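> Build me a structure from this.
(one chain, ligands or ions: 1)
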Amino acid sequence: MATLATESLDSSNRGAKRLSEQEINDLLVGLAGWTLVTVEGVPRVEKVYSFKDFQQALTFTNQVGALAEDVGHHPALLTEWGKVTVTWWSHDLGGVQRNDLIMAARTERLRNG
Ligand SMILES: C[C@H](O)[C@H](O)[C@H]1CNC2=NC(N)=NC(=O)C2=N1
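Numbers count the residues shown, from 1 in each chain. Okay, here's the model as predicted:
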């Protein structure tokens with residue numbers, strides 16, 4: 001979903017709207033491989049990326065980390081040999097807001113240009 005990736009993030013974190021599961025799933029339609037997961041009652045959007053070895057996984061991890069630092073919004077990142085699990089949600093909000101889908105779309109762009 002190229003347009004989602006190019007949207008500006010809503011900086012009014014406090015006033016952000018927590019999306020419903022339906023709204024999240026509707027936005028995930030354009031994000032191949034991303035799923036809605038709920039951990040400790042908190043919805044998140046998640047994708048597992050595959051790589052040929054640990055070094056490639058680590059490089060991608062750092063690229064996602066740079067995206068996060070650029071905007072001050074951060075994912076959970078699990079880096080393993082050949083795999084990186086990226087999970088976006090809004091900790092302060094206790095759920096998923098549109099910013100998290102924007103960041104998922106920007107994460108996709110790292111792999112798909
Ligand atoms: C103080 C700091 O800006 C806040 O804790 C930011 C940092 N990055 C964040 N990232 C995410 N995903 N959710 C947050 O609520 C959040 N808050």
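> Flag every buried residue along the longest strand along the chain.
Taking DSSP state E as the criterion, the chain has its longest strand at strand 42-50. Applying a neighbour-count criterion of 16 or more other CB atoms under 10 Å, the buried positions in strand 42-50 are P43, R44, V45, E46, K47, Y49. Heads up, the C-betas are built off the backbone N, CA and C, glycines and all.
> Distance check, the second one against Q22.
When distances are taken as CB to CB, to the nearest Å, R44 and Q22 turn out to be 16 Å apart.
> Buried residues in the helix of greatest length in the chain, which are they?
Counting by DSSP state H, the longest helix found in the chain is helix 54-71. Of all the residues in helix 54-71, those buried under the rule 16+ other CB under 10 Å are A57, F60, T61, V64, L67, A68.
> and which of these is nearest to L93?
Nearest to L93 out of the buried residues of helix 54-71 is A68 (CB to CB; 16.0 Å).
> ok, that closest one touching P75?
Yes. Under the criterion of CB atoms under 8 Å, A68 is in contact with P75, at a separation of 6.1 Å.
> can you pull the contacts of the nearest residue to Y49 once chain neighbours are set aside?
Once flanking residues are discounted, Y49 sits nearest to V84: 4.8 Å by CB to CB, 6 or more residues apart in numbering. With contacts defined as CB atoms under 8 Å, 6 or more residues apart in numbering, the neighbours of V84 are V48, Y49, F51, A57, F60, T61, V64, L77, L78.
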